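# Return a 3D structure for these sequence lines:
(one chain, ligands or ions: 1)
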Amino acid sequence: MVSRIIPVEPFDLVVFGGTGDLARRKILPALFRRFCSGQMPDGSKVVGAARSALSSEAYRATVSTALKEFAGELALDDAQVAEFCEHVDYVAVDARGEGGWSELAALLTPGSVRAFYFSVGPGVFSDLAKGLKRHGLVEDDTRIVVEKPFGHDLESAQALNSELAQYFDEGQIYRIDHYLGKETVQNLMAVRFGNMLFEPLWNAQYIDHIQITVAETVGVAGRGDYYEKSGAMRDMVQNHLMQLLCLIAMEPPAQFEPDAVRDEKLKVIRALDNVQPHHIVRGQYTAADGAAAYREDVDNARSKTESFVALKCQVNNWRWAGTPFYLRTGKRLSARDSEITVVFKDTPHSIFGPEAGRHRNELNIQLQPNEGITLNVTIKEPGPGGMRLVDVPLDMSFAEALGPSAEGTPDAYERLIMDVIRGNQTLFMRDDEVEAAWAWTDPIIRGWEARGDVPKPYDAFSDGPDDAELMMRRDARAWRGLDK
Ligand code: NAP
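Sure, this is the predicted structure:
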């Protein structure tokens with residue numbers, strides 16, 4: 001397959017928090033891979049910025065080490081790494097201080113596209129926005145990329161939105177959710193809106209229910225301070241799972257354009273019902289199989305923070321009335337598996353009789369670890385012995401269907417960073433979307449707090465608390481097994 005790369009003009013990208021974990025593991029490797037694909041034209045610059053006093057030379061050495069560790073095979077080519085590092089500089093700037101801004105300004109090219117990636121803690125976001133404006137670094141073609149968490153609740157998200165709005169237009173603010181940069185997530189839109197086959201069936205009349213699962217095997221060790229104040233609801237459901245739900249449930253936008261898509265997503269969030277307490281299960285992992293308990297990981301023997309959430313919700317509109325959406329996410333589960341499953345209804349009548357068993361079409365969209373889409377269809381099992389039915393997958397695994405592309409499937413961060421450079425906000429969350437998502441999440445969290453709700457224990461590396469299974473069983477349904 002011939003890869004079609006849309007060229008970009010030279011740009012400057014400043015990574016605030018350029019020495020941090022996210023920069024080393026994701027942002028710099030993503031930039032390096034785009035560089036290797038020819039998407040960093042001469043004259044482009046990557047500037048790391050943080051408080052630590054470092055020379056550009058020393059920073060290039062850390063970048064090169066990070067690339068060797070996290071950028072895969074491409075980084076085995078020392079010459080290529082060295083060439084990329086020629087684009088890299090470093091400036092010591094405290095987002096809350098006065099020093100370093102003019103040195104930073106001197107490195108940037110006036111008139112070029114300029115992006116500032118806020119890969120710093122959320123407490124620094126508004127100071128950084130203010131600092132950039134106050135020190136004259138914001139031009140017409142300037143964008144900021146804001147990492148999660150975007151607020152802690154509706155009030156803090158509104159406050160952050162209005163602070164950022166003092167210094168930047170909404171069209172300059174890119175609130176990143178890396179789930180939206182995944183190839184399969186975009187393919188979901190291609191499958192839904194590029195085919196005649198699915199959309200006529202994409203409603204409550206033909207779909208029994210939809211499941212969205214984001215399961216992780218990792219615990220929270222190392223991020224305990226942050227996670228303890230956040231929990232799975234704020235860390236995963238309010239952003240990643242809600243965004244996936246929006247893309248699955250939204251009406252066709254008139255064009256594949258930023259505001260057309262975001263308007264439709266917003267309508268979905270606003271149509272969500274208030275989740276009833278008995279439609280939510282919270283869990284917290286306990287020690288098992290050599291893994292410590294959540295409470296040890298966060299060093300709080302009485303923690304009531306959830307590391308697992310499963311919930312049932314409804315999108316109250318014409319298309320979806322009566323079709324439940326089941327969302328589930330957790331840490332220290334039995335597999336790393338992110339997927340969406342659309343379970344279609346039974347045929348209205350089985351001409352094959354009860355002995356043929358129950359067969360349903362399922363569309364499974366795998367986001368992690370392997371990206372791909374599978375449609376289960378029911379066929380006759382080959383051979384004699386009567387009409388025995390069996391479900392077989394029609395597999396749309398990208399690697400097999402399309403062949404390996406010259407550059408492999410780009411990582412979500414690669415795609416999203418290049419969207420920022422191109423000025424395409426389609427895959428970034430708008431201010432009203434983020435606020436609507438918090439407005440839906442807040443009452444759920446407040447209810448837990450008011451009731452002193454304690455999460456149900458579940459063994460590390462299990463499939464979560466039994467109550468999550470029970471919730472499904474009450475509806476005569478079952479979670480799709482995690483892909484191990
Ligand atoms: P981190 O490892 O703690 O790094 C923070 C970075 O910010 C460091 O480079 C630090 O360097 C710099 N910094 C801190 N205060 C600063 C200030 N006042 N002015 C300038 N630079 C400052 O954090 P991280 O894990 O990379 O996370 C960064 C952001 O991404 C956070 O908002 C986090 O929630 C988000 N995020 C991270 C991940 C992840 O996997 N790591 C995933 C999703 C979202 P100095 O101390 O030298 O200033």
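
# Least confident secondary structure element in the protein?
Ranking every helix and strand in the chain by mean pLDDT, DSSP states H and E puts helix 398-402 at the bottom, with a mean of 62.

# mean confidence for the very next helix or strand once past that one?
For helix 398-402, the succeeding helix or strand toward the C-terminus, using DSSP states H and E, is helix 412-422. Mean pLDDT, computed over helix 412-422, is 96.

# Using CSV, write out the CA atom coordinates for the following helix or strand past helix 412-422.
Remark: after helix 412-422, the chain's next helix or strand is helix 431-451, criterion DSSP H and E. Written as CSV, here are the backbone C-alpha positions of helix 431-451 (Å, rounded to 0.1, in the frame of the first residue of the first chain):
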residue,chain,number,x,y,z
ASP,A,431,-14.7,23.4,25.9
ASP,A,432,-18.5,22.6,25.9
GLU,A,433,-17.9,18.8,25.4
VAL,A,434,-15.5,18.6,28.4
GLU,A,435,-17.9,20.5,30.5
ALA,A,436,-20.9,18.4,29.5
ALA,A,437,-18.9,15.3,30.3
TRP,A,438,-18.2,16.6,33.8
ALA,A,439,-21.8,17.7,34.3
TRP,A,440,-22.8,14.0,33.7
THR,A,441,-20.0,12.6,35.9
ASP,A,442,-20.2,14.9,38.9
PRO,A,443,-23.5,13.8,40.3
ILE,A,444,-22.4,10.2,40.2
ILE,A,445,-19.2,11.0,42.1
ARG,A,446,-21.0,13.3,44.5
GLY,A,447,-23.6,10.5,45.2
TRP,A,448,-20.7,8.1,46.2
GLU,A,449,-19.2,10.7,48.4
ALA,A,450,-22.5,11.5,50.1
ARG,A,451,-23.3,7.8,50.7
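
# Could you pull up the mean pLDDT of helix 431-451?
For helix 431-451, mean pLDDT is 97.

# Sketch out the low-pLDDT regions of the stretch 251-400 of the chain for me.
Applying pLDDT under 70 to the stretch 251-400 of the chain flags residues 396-400.

# By proximity to the ligand, which residue of it wins?
Taking Cβ to the nearest ligand atom, the ligand has its nearest neighbour within the stretch 251-400 of the chain at residue 331, 13.4 Å off. All C-beta atoms are positioned from the backbone trio N, CA, C, and that covers glycine.

# Distance check, that residue against residue 470.
21 Å (Cβ to Cβ, to the nearest Å).

# Looking at the two now, which is surrounded by more residues?
Between residue 331 and residue 470, counted using other Cβ atoms under 10 Å, residue 331 has the larger neighbour count: 26 against 12.

# if I look at the residue in the stretch 201-350 of the chain positioned nearest to the ligand, how far off is residue 122?
Nearest residue of the stretch 201-350 of the chain to the ligand, counting by Cβ to the nearest ligand atom: residue 226, 6.7 Å away. As judged by Cβ to Cβ, residue 226 and residue 122 stand 9 Å apart.

# Compare the two (neighbour count), which wins?
residue 122 (17 against 14).

# Test my guess that the more buried one contacts residue 157.
No: Residue 122 sits out of contact with residue 157 when judged by Cβ atoms under 8 Å, with a separation of 10.4 Å.

# Which neighbours do these two have in common?
150-151 (Cβ atoms under 8 Å, 6 or more residues apart in numbering).

# What count of nearby residues applies to residue 218?
The burial count for residue 218: 12, using other Cβ under 10 Å.

# phi, psi of the closest residue to residue 129 other than its chain neighbours?
Spatially, and ignoring its direct neighbours in sequence, residue 129 is nearest to residue 167 (4.7 Å; Cβ to Cβ, 6 or more residues apart in numbering). Main-chain torsions, residue 167, degrees, to the nearest 10: phi -120, psi -20.

# OK, contacts around residue 167?
Residue 167 neighbours (Cβ under 8 Å, 6+ apart): 129-130, 132-133, 138.

# Show me which of these are buried.
Among the contacts of residue 167, those that count as buried by neighbour count (16 or more other Cβ atoms under 10 Å) are 129-130, 132, 138.

# Max pairwise distance over the residues you listed: which two?
Comparing all pairs in the buried ones among the contacts of residue 167 by Cβ to Cβ, the longest separation belongs to 130 and 138, at 10.5 Å.

# Under a three-state scheme, what state does the spatially closest residue to residue 250 that is not a sequence neighbour occupy?
Sequence neighbours aside, residue 264 is the residue nearest to residue 250 in space, at 4.0 Å (criterion: Cβ to Cβ, 6+ apart). Classification of residue 264 using DSSP: H, G, I helix; E, B strand; the rest coil returns helix.

# if I pick residue 264, what's in contact with it?
Taking Cβ under 8 Å, 6+ apart, we find residue 264 in contact with 246, 250-253.

# does any part of the helix or strand containing residue 15 sit near the ligand?
Using DSSP H and E, residue 15 sits within strand 11-16. Yes: using Cβ under 6 Å from any ligand atom, strand 11-16 comes into contact with the ligand via residue 16.

# List the buried residues in that strand.
11-16.

# Let me see the domain layout of this structure.
When the chain is parsed with automatic domain parsing, its domains come out as 11-147, 180-474.

# Relative to the whole chain's centre, how far out is the longest one?
Read that as domain 180-474. Here domain 180-474 is found 11 Å from its chain centre; the criterion is Cα atoms, centre = their mean, to the nearest Å.

# now stretch 106-124
22 Å.

# next one: stretch 88-106
The answer for stretch 88-106 is 30 Å, by Cα atoms, centre = their mean.

# Run through who's touching it.
Here stretch 88-106 makes contact (Cβ under 8 Å, 6+ apart) with 14, 16, 18, 45-56, 58-60, 63, 107, 120, 124, 127-128, 131, 135-137.

# do stretch 65-81 as well
Stretch 65-81 is contacted by residues 23-26, 28-29, 32-33, 35-36, 64, 84 when judged by Cβ under 8 Å, 6+ apart.

# just those residues that are near the ligand?
The residues of the contacts of stretch 65-81 that also fall near the ligand, by Cβ under 6 Å from any ligand atom, are residue 23.

# So among the contacts of stretch 65-81, which ones count as buried?
Of those, these count as buried by 16+ other Cβ under 10 Å: 23-24, 26, 28-29, 32-33, 35-36, 64, 84.

# Tell me which of those residues fall in helices.
Counting by DSSP state H, the buried ones among the contacts of stretch 65-81 place 28-29, 32-33, 35-36, 64, 84 in helices.

# Alpha carbons of stretch 104-120, as CSV, please.
Extracted C-alpha coordinates of stretch 104-120, given in CSV (Å, rounded to 0.1, in the frame of the first residue of the first chain):
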residue,chain,number,x,y,z
LEU,A,104,12.6,30.7,24.4
ALA,A,105,11.2,33.4,22.2
ALA,A,106,14.6,33.8,20.5
LEU,A,107,14.6,30.2,19.4
LEU,A,108,11.2,30.4,17.6
THR,A,109,10.6,31.5,14.1
PRO,A,110,8.2,34.4,13.7
GLY,A,111,5.3,33.6,11.4
SER,A,112,5.7,29.8,11.5
VAL,A,113,3.1,27.5,13.0
ARG,A,114,3.9,27.4,16.7
ALA,A,115,2.6,24.8,19.1
PHE,A,116,3.1,24.6,22.9
TYR,A,117,2.5,21.2,24.3
PHE,A,118,1.4,21.5,28.0
SER,A,119,3.0,18.2,29.2
VAL,A,120,3.1,19.5,32.8
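
# ok so, going back, count the residues that sit near the nearest residue to the residue of the stretch 251-400 of the chain closest to the ligand once chain neighbours are set aside.
Excluding the flanking residues, the one nearest residue 331 by Cβ to Cβ, 6+ apart is residue 307, at 4.5 Å. For residue 307, the count of nearby residues is 29 (other Cβ under 10 Å).
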